[in-house]
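Participant: Sequence below, structure please.
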Amino acid sequence: MRIGVVVDNEFDHDHRVQKEIRLLINEGHSISVLCFDFNKKPTYKTYKDIDITRIKLPKKLKDLLVLLSTNFSFYRLLWQKSISKFIQSNNIEALHVHDLYMAKAARKGIEKSKTNIPLILDLHENYPAAINSYQWATKGWRKYIVQPQKWYRKEYEYLNYADTLITLSSYFKNELISRFPKLNSIPIYVHPNMPDFESFSAFEKNEYNVSFQSEHPTLFYFGVVAKRRGIIDILPWLIELLENGKEFHILIIGPVDKADKTTFNSYISNAILKEHLTYIAWEDVKFLPAYLQKIAIGLAPFQVNKQHDSGVANKLFQYMYGKIPILATKCKAQQDLIEASKCGLLYESKEDFFKQLSLLLEDINLRKNLGENGKSALLELYKNNADTQFLDIYKN
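Facilitator: The predicted structure is shown next:
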């Protein structure tokens, strides 16, 4: 089948999308990708098995169009026209579009192309909850332009543009059906943010080395650094524990949200935290297996809300792959995974965090058992259905 994949980004750094494409290619499907090109001078890698069409657009203009997209149709019309042309030029037989807000442009693009191909909508998150948690959309003058609360009213309309839906977790799938019973007429598949085992295996074979070392147990956070992700919330707690004599190191790898840079920088310049924290603004995922070998505890401190309830972050599966015990908040999907897999400890408050972290720091056997449980559960999940369900979409 000739499948068109639409991503409103540069595609090249989206590991979930790239993994899905590899799965489809391995099944014999032909893949074309439509995405943005933000570079003034093209420096993108070439892909032997993927035909890529890039829409050249300055990143600042794209951000402005997204800012206006709740109430104005400029962004939708741009995508609608591009999708229609993309379908016709590549003889697309099914359209796979990522994220809720792209659904209407995709459906209108299909109609404009005068084809009747199916639309598969891949939900990377609970978008209405997500946009209502983003500071760029909810603070200052932007909240009057973006009006993020309107997405709660738009959600059902946009879901219904799809012929098939993909969610990150069974919890989110069931929650959608509970709120919108008529969605029972639309097939909904679950495809969690599982690591790409093939890539991880290749990274390990190449034995990438990293210079990071610490004589103390290391707490690890990998991903975007933002208040909504919870990592900034726990920094003052970690300072307090260090001041009280606890011995550990903290390794954080990931870019900081612009809105949270001042707060984050104020914490990491704290005298005691500075001695016990290593911050790396970015590192290629190929180095991740090497870092995991040096880690004692993986942190998943996400703020508990509807967005984070909707799916398990990729980092949890990465920790499980590396046999790293997890310390996490009780976001519903990740709580279900951790409890079922017996691969970590959960907390609900500052005092609870202190208690669970102390248990992990003081008991190396507990850490080992939880880590091994996680790797076993991940392999079982992968073997049973993780990618099979995704491939079933196109078999059906």
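Participant: got the residue ranges for the strands in the stretch 251-396 of the chain?
Facilitator: 277-280, 297-300, 326-329, 344-347 (DSSP state E, counting those that start in this stretch).
Participant: and among those strands, the most buried is which?
Facilitator: Highest mean neighbour count among the strands of the stretch 251-396 of the chain (mean count of other C-beta atoms under 10 Å): strand 297-300, with a mean of 26. Quick note: C-beta positions are derived from backbone N, CA and C, even for glycine.
Participant: one step back: distance to residue 103 and mean pLDDT for the strands of the stretch 251-396 of the chain - can I get that in TSV?
Facilitator: What follows is the strands of the stretch 251-396 of the chain, written out as TSV (distance: least, C-beta to C-beta, whole Å; pLDDT from 0 to 100):
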stretch	distance to residue 103	mean pLDDT
strand 277-280	36	94
strand 297-300	29	97
strand 326-329	30	97
strand 344-347	34	97
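Participant: quick one: which of these is nearest residue 83?
Facilitator: Residue 83 lies closest to strand 297-300 among these, at 35.3 Å (C-beta to C-beta).
Participant: which helices and strands sit right next to the closest one?
Facilitator: Secondary-structure packing of strand 297-300 (3 or more C-beta pairs under 8 Å, 6 or more residues apart in numbering; DSSP states H and E): strand 218-222, helix 314-321, strand 326-329, helix 350-362.
Participant: Switch the strands of the stretch 251-396 of the chain over to CSV; also include distance to residue 22.
Facilitator: As requested, those are exported to CSV (distance: least, C-beta to C-beta, whole Å):
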stretch, distance to residue 22
strand 277-280, 27
strand 297-300, 25
strand 326-329, 26
strand 344-347, 29
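Participant: Ok, which of the ones you listed comes nearest residue 271?
Facilitator: Comparing those by C-beta to C-beta, strand 277-280 comes nearest, at 11.3 Å.
Participant: what about the protein, any weak spots by pLDDT?
Facilitator: Scanning the chain for pLDDT under 70 picks out the ranges 41-42, 199-200, 202-207, 384-386.
Participant: again, 80 this time
Facilitator: In the predicted model, the chain carries pLDDT under 80 at residues 13, 39-45, 194-209, 381-386, 396.
Participant: and residue 31, which of the strands of the stretch 251-396 of the chain is closest to it?
Facilitator: Using C-beta to C-beta, the strands of the stretch 251-396 of the chain put strand 297-300 closest to residue 31, at 31.7 Å.
Participant: So what touches the closest one?
Facilitator: 217-222, 230-231, 234, 313, 315-316, 318-319, 322, 324-329, 334, 344, 357, 360-361, 367 (C-beta atoms under 8 Å, 6 or more residues apart in numbering).
Participant: I'd like to know which of these are buried.
Facilitator: Taking 16 or more other C-beta atoms under 10 Å as the criterion, what is buried in the contacts of strand 297-300 is 217-222, 230-231, 234, 313, 315-316, 318-319, 322, 324-329, 334, 344, 357, 360-361, 367.
Participant: Just give me the neighbour total for residue 370.
Facilitator: Neighbours of residue 370 under the rule other C-beta atoms under 10 Å: 24.
Participant: Please tell me how far the closest residue to it other than its chain neighbours sits from residue 369.
Facilitator: Using C-beta to C-beta, 6 or more residues apart in numbering and skipping the chain neighbours, the partner closest in space to residue 370 is residue 325 (3.6 Å). Going from residue 325 to residue 369 by C-beta to C-beta, to the nearest Å gives 8 Å.
Participant: circling back: tell me which of the strands of the stretch 251-396 of the chain sits nearest to residue 264.
Facilitator: Nearest to residue 264 among those is strand 277-280 (8.6 Å), distances taken as C-beta to C-beta.
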